[in-house]
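>>> need a structure here:
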Amino acid sequence: MVVAPQAMPRLYIAMYEAGTGNYEHWALCLDDGSSDVPTIFEVSGEHGTFEKSAVQDEPESRLLHKRNIAVGEVNERDIPELLKVIDTAKVDNETTEWNCQDYVIEILETLYEDCIIDEDDKEYKRGMKKAKDKHFGPL
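The predicted structure follows:
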């Protein structure tokens, strides 16, 4: 019996229509293959009241989903460290311009700096460029 190699856990940014305001809502998704659905990490709220949450759900099944942008693979053994980075990520309720997009970008940059996302990961570079150049900021 041949066992197919298990795919590496994947990270991607899920992007949604702006619920309120003029910014798309972004969330970071981890599909580690261990459950039927990915884990979605996000902040919701508005300036001064942002709160972090993590839910298991298909991004596409949530209201107002627009697109997913792949931002890399993570080694299975690095998942605990990845979760620690997400857990310790700061929610900035002081800076007026800070929002869910900054939350996702800051986590991804930390994962890259900490070598949890490989420095040679072309998907990370391509995904971050696309996210920042085409979708970051006001609509």
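>>> all strands of the chain, in order?
10-16, 25-31, 39-44, 51-56, 65-73 (DSSP state E).
>>> Mind checking the pLDDT average for stretch 74-82?
Average pLDDT, stretch 74-82: 95.
>>> tell me how far it is from the chain's mean position?
Centroid displacement of stretch 74-82 relative to its chain, using C-alpha atoms, centre = their mean, to the nearest Å, is 15 Å.
>>> Quick check: end-to-end length of it?
9 Å (C-alpha to C-alpha, to the nearest Å).
>>> Identify the residues contacting it?
8, 9, 10, 11, 30, 32, 111, 114, 116, 117 (C-beta atoms under 8 Å, 6 or more residues apart in numbering). The way it works is simple: take the backbone N, C-alpha and C, and place the C-beta from them, glycine included.
>>> Would you check how far apart the residue positioned nearest the centre of the chain and residue 96 are?
For the chain, the residue nearest the mean C-alpha position is residue 28 (1.6 Å; C-alpha atoms, centre = their mean). Remark: distance between residue 28 and residue 96 (C-beta to C-beta, to the nearest Å) = 22 Å.
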